[in-house]
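Please find the sequence and the predicted model below.
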Amino acid sequence: MPKKESKCKICRRESKKLMLKGARCLSSKCAFVKRNYPPGLHGSKRGRTKATEYSLQLREKQKAKRIYGILERQFKKYYEKALKIKGDIGENLVNFLEMRLDNVIYRSGIAKSRRQARQIVGHGHFIVNKFKTDIPSFQVKIDDIIKLKSSKKDKLFFKEAMNELKNTKNGEVPSWISFDKEKMEIKILSKPDIKDMEYGFNTKMIIEFYSR
């Protein structure tokens with residue numbers, strides 16, 4: 001079985017911070033800052049060759065997959081769904097990605113990274129509209145209410161998570177999400193406003209990749 005590539009090497013390969021380690025990516029400890037060149041024995045010497053149109057499109061798709069921690073099969077399904085519904089395909093695609101339950105937990109500030117958000121959703125800490133939901137890819141909808149379960153174990157987890165995040169930067173909670181820390185409750189107010197978002201990849205190139 002091949003060795004799994006480290007998150008820092010993934011960012012260096014893509015020539016872009018993908019925020020795969022949450023707050024650490026914003027600190028001076030970030031490997032991308034220290035070694036801003038491709039990974040490998042000769043990475044610092046070889047520079048970057050001129051990319052083809054296909055390779056640029058592929059890289060954008062890979063960035064998006066890695067940012068959200070999604071495998072190819074699932075990512076392509078999101079694209080196919082985005083293609084079938086009305087509206088801009090790129091915006092539809094980003095909507096599907098942003099309205100995953102694990103992403104909402106990350107965006108609300110409860111988790112330091114999407115990877116951590118996937119783990120805590122998978123551990124069954126949350127309920128959506130009164131139903132326990134432990135599927136990270138669950139698609140939330142407008143007016144959905146996401147709450148932390150009321151057990152002592154879940155409340156302890158929440159308290160520890162908030163203490164850990166207190167001194168870290170995880171960005172502001174986006175306007176389409178309401179997060180009440182006192183009630184430990186998240187509400188989906190609207191669809192993500194794509195114009196105000198910096199999602200780190202070019203949706204046009206992704207569409208061109210799948211349209212070949």
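Done, it's in. What you see is a predicted model; the values in this text were computed from it and never measured. Residues are numbered from 1 along each chain as shown.

can we go C-alpha only for contacts and neighbour counts from here?
Will do.

which SS class is Gln74?
helix (DSSP: H, G, I helix; E, B strand; the rest coil).

Check what pLDDT it gets.
The confidence metric pLDDT takes the value 97 at Gln74.

what does the one 4 residues further on give?
At Tyr78, the model reports a pLDDT of 98.

just checking, what packs against the helix of greatest length in the chain?
Scanning the chain for the longest helix, with DSSP state H as the assignment, gives helix 53-68. With contacts defined as 3 or more CA pairs under 8 Å, 6 or more residues apart in numbering; DSSP states H and E, helix 53-68 has these neighbours: helix 203-210.

Measure how far the direction of the helix it packs on deviates from that of helix 53-68, in degrees.
120 degrees (axes from the mean of the first three to the mean of the last three CA atoms, to 10 degrees).

what sits up against helix 203-210?
Tyr54, Leu56, Gln57, Leu58, Glu60, Lys61, Tyr79, Ile89, Gly90 (CA atoms under 8 Å, 6 or more residues apart in numbering).

In that helix, which residues are buried?
For helix 203-210, a neighbour-count test (16 or more other CA atoms under 10 Å) marks Thr203, Met205, Ile206, Ile207, Phe209 as buried.

For this protein, which segments count as helices?
Using DSSP H, the helices of the chain run over 7-14, 31-34, 43-46, 53-68, 72-84, 89-98, 101-108, 114-122, 152-165, 203-210.

Work out which residue lies at the spatial centre of the chain.
Tyr68 (3.5 Å; CA atoms, centre = their mean).

Can you read off the pLDDT for that residue?
For Tyr68, the predicted pLDDT is 95.

For the nearest residue in space to it that is not next to it in sequence, grab the count of nearby residues.
With sequence-adjacent residues excluded and distances taken as CA to CA, 6 or more residues apart in numbering, Tyr68 is closest to Arg114, at 6.8 Å. For Arg114, the count of nearby residues is 23 (other CA atoms under 10 Å).

Can you give me the separation between Arg114 and Lys84?
Arg114 sits 27 Å away from Lys84, going by CA to CA, to the nearest Å.

can you check Asp180 too?
35 Å.

How is the chain partitioned into domains?
For the chain, the structural domains run 1-41, 100-190, going by automatic domain parsing.

Between these, which has the poorest mean confidence score?
When I compare those, domain 1-41 is least confident, with a mean of 59.

sorry, back to before: the longest helix of the chain: how far from the chain's middle?
Distance of helix 53-68 from the chain centroid (CA atoms, centre = their mean, to the nearest Å) equals 14 Å.

Then stretch 178-185?
21 Å.

Which residues outside it are in contact with it?
Identification of contacts with stretch 178-185 by CA under 8 Å, 6+ apart yields Ser108, Ile145, Ile146, Lys147, Leu148, Val173, Ile186, Lys187, Ile188, Leu189.
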